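Asks: my questions are about this predicted structure, shown below with the sequence.
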Amino acid sequence: MKTLKPYRKTPQYSTIPSFPPPPPPPPPDLNLVGKAVSILKRHHIHNLNPLSPHFTPQSASYLLHHSQFDKTLTLSFINWSRTRPFFDLKCACQSIHILTRFKLYKTAQSIAEHVAINTRNDENGELVFKQIKDTYFDCNSSSAVIDLLVKSYSSLKLVKRGLNTIHLAISHGFMPGVLSYNAVIDAVIRSNERMELAEEMYMGMIKAGVSPNVFTYNILIRGFCGVGELERGLEFFDEMGRKGCLPNVVTYNTLIDAYCKLRRVDDAFKVFEKMSKRDMEPNVISYNVILNGLGREGRMKETGVVLEEMKRKRIVPDEVTYNTLVNGYCKEGNFHQALILHDEMTSNGLSPNVITYTSLINSMCKARNLHRAMGFLEQMRVRKLFPNARTYTTLIDGFSQQGFMEEAYKLLDEMKKNGLSPSIVTYNALIHGHTVDGKIEDALRVLDQISKTGLSPDVVSYSTIITGFCRNQELDKAFEMKREMVKKGVLSDAVTYSSLIKGLCVQGRLTEACDIFQEMLRIGLPPDECTYTALINAYCEEGDTKTALHLHDEMLNKGLLPDVVTYSVLINGLSKQARTREAKQILFKLYYDNAVPDDVTYNTLIENCGNMELKSVVALIKGFCMKGLMNEADKVFDKMLQRKQAPTEAVYNVLIHGHCKGGNLRKSFKLYKEMVSRGFMPHTATIIALVKELVKGEMTAESSEVIENVLRSCKVTDAEVAKALVEINHKQGNMDAVFKILSEMAKDGLLPNSGKTAYAQ
């Protein structure tokens, strides 16, 4: 570790100025004080109110001084008098001393903070310090009061006062403790001051002979990690070890969080290991930070292992845990798992926050399930959670995408009534909705409305309308809109150019489209997948598949991955020219590139696949099932049936397993019945997966039917005992035992198809 820097220069602190002697104050009213004490001893504090106008600062100070060892009486008087006019700075300082001595730190700090707020002219804290010093011995105080005063300044981010108070204390023979230094260092960091200042305070602390503790190091490590200087934070972590100061769970959590924010999750796991080696158990915060880091990295598959470890160690997941996981799965597009965790969360009495609900709503909108999305909005209302602007914008976009513009505008009105201002993203969603409906005039009205709200249309606003014009084959208006956006200083993006290129291609104006493409390149705007796809399609339409394939290769060379639309276009173009071998090669590339074909692509594939290719088609189905793309798997299956291609046992196994995993139990059971009717028997792994999900879904009759069919299909009489055990446990509802016995039967070869797993076929 590099040597910590000493002070580069001695800070210039103020000293207490000399004041002319004030006139002597009037003496306290001893009779009044006596009455007040008598009332306080009888605990009739409300009877003090008539005395309030007669109290002076001198009388209050006298009462505090002479009653300071009577805890109940003094505390009652302080609580009654602290907001009254006669409760001056001296009374406040006496109260701070007395309360600190009684260890009533919270109340003492509250008064100290009130004093700090009401002495703004005391910029360096000299006036307050003088009064604290002058009342120190009269109140039998200790240096803890200095720590409390500095902490009070620091909590208000009054860094200068805190620093100067430490200096004043030292110069007058007081010894501020580690709490004072920790408070000021923390305030420096929270105030976003230079980290050098925090480090200078640390060096000053060492110079003053005050030993840093674990909180000192935690504050410094947090500060350096917070500004991205992890290595400097690690140097302080190493110094802790050298000085015999043991890190605590907060220290480790800070480092774990820092690594995760730097996308170094594997290093964060190493910190976990260090904790275990030192017999220190991670807490729920440790796990939450790791889960968040995995989510940021798109490593949601690993979160399941972490969650299981938490449960194994009896660390109860909290709202942060579930919110983190639900958000992560939503971002990944794994809506099914997100919904499972949401249900688990609410059944455990935990409430999702606004961000989580917004993520769930966004997921449902992407899945085109607007009913479920509105259901989550209603849950928010029931839980008294207020949707934010992003929540409403997400819903408005969801309804607009599907053309439900009336509902979108109702949500816009509700958003405004709740005091939320629509953003440009909100208005762009409405513009998109109108263009999808082909109502460009309505989209133009929204564009005008944007300017009236004080917002400025952005490239998305204009590009969406240009896309609408191109879709309607109104290219003159599209180019006019492009000229208008340039006039307004809004630069075109790839979407703008792609829309124009596509529009020109649709009208067979390929030469002009190529000119626009060259213009893109000249201005340094890289074409995207949509741009290339539009041109590839145009060349395929012209029968020039050679140029189309050249553009496809150019895409790959530029690091752009063709999507399903690109492949569909190429496959159709090649098929039209009877280049079926190349078409098939491109089609099967879809599986490896994770793209999702559409109906046109499937039609092309099945059209060109004979029975010889059945294994390849099965491989596609298997691939989609493994990736959870069940709609795509079903499409391939349906095309097989249409082409009179008989499904195999393997196809049924993977489809049933896939739909079980996706939660579509009715589809799974339907496929099971169909499979059995064709004379096939599902694999044991498929049966267990199906029965488990049917039991979870409370489809008792269906699960019973599957088990009965399995038992009837047992190969040998040796299975009779096992069959009896299955029946008994099934009747008793002990499904774990049923699954265990079935698995054992499969191992012993007593069940049909008990050799390989469904996905291995």
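Replies: Sure thing, it's come through.

Asks: ok, and the helix or strand in the chain with the lowest average confidence?
Replies: helix 599-608 (a mean of 47; mean pLDDT, DSSP states H and E).

Asks: next secondary structure after the helix or strand where Leu127 lies?
Replies: Taking DSSP states H and E as the criterion, Leu127 maps to helix 126-134. Following helix 126-134 in sequence order, the next helix or strand is helix 144-155 (DSSP H and E).

Asks: just the angle between that following helix and helix 126-134, please?
Replies: Between helix 144-155 and helix 126-134, the angle comes out at 160 degrees (axes from the mean of the first three to the mean of the last three Cα atoms, to 10 degrees).

Asks: helix 144-155 - contacts with which helices or strands?
Replies: If you count contacts as 3 or more Cβ pairs under 8 Å, 6 or more residues apart in numbering; DSSP states H and E, helix 144-155 packs onto helix 89-101, helix 105-117, helix 126-134, helix 159-171, helix 178-190. Glycine gets a C-beta too; all of them are placed from N, C-alpha and C.

Asks: whichever strand or helix holds Asn218: which residues count as buried?
Replies: Following DSSP H and E, one finds Asn218 within helix 214-226. Across helix 214-226, burial judged by 16 or more other Cβ atoms under 10 Å covers Phe215, Thr216, Tyr217, Asn218, Ile219, Leu220, Ile221, Arg222, Gly223, Phe224, Cys225, Gly226.

Asks: ditto for stretch 417-426
Replies: Using 16+ other Cβ under 10 Å as the test for burial, stretch 417-426 gives Leu420, Pro422, Ile424, Val425, Thr426.

Asks: how many neighbours does the residue lying closest to the last one once chain neighbours are set aside have?
Replies: The reference is to Thr426. Nearest residue to Thr426, sequence neighbours excluded (Cβ to Cβ, 6 or more residues apart in numbering): Thr393, at 4.5 Å. For Thr393, the count of nearby residues is 25 (other Cβ atoms under 10 Å).

Asks: let me see the mean pLDDT of stretch 188-199.
Replies: Mean per-residue pLDDT for stretch 188-199: 89.

Asks: correction: stretch 136-154
Replies: 94.

Asks: give me the contacts around that stretch.
Replies: The contact list for stretch 136-154 (Cβ atoms under 8 Å, 6 or more residues apart in numbering) reads 65, 68, 94, 96-98, 100-101, 105, 108-109, 112-113, 115-116, 125, 128-129, 132, 135, 159, 161-162, 165-166, 169, 174-177, 179-180, 183-184, 186-187.

Asks: what's the end-to-end length of stretch 695-702?
Replies: One end of stretch 695-702 sits 9 Å from the other (Cα to Cα, to the nearest Å).

Asks: please renumber the chain so that the first residue is 40 from this point on.
Replies: Sure, I'll start counting at 40 from here, so that last one is stretch 734-741.

Asks: that stretch: how far from the chain's middle?
Replies: Centroid separation between stretch 734-741 and its chain, computed with Cα atoms, centre = their mean, to the nearest Å, is 35 Å.

Asks: ok, Tyr501 touching Val529?
Replies: Yes: between Tyr501 and Val529 there is a contact under Cβ atoms under 8 Å: 6.0 Å.

Asks: residues touching the residue nearest to Thr465, list them.
Replies: Going by Cβ under 8 Å, 6+ apart, Thr432 touches Pro461, Ser462, Val464, Thr465, Ala468.

Asks: perfect, that will be all.
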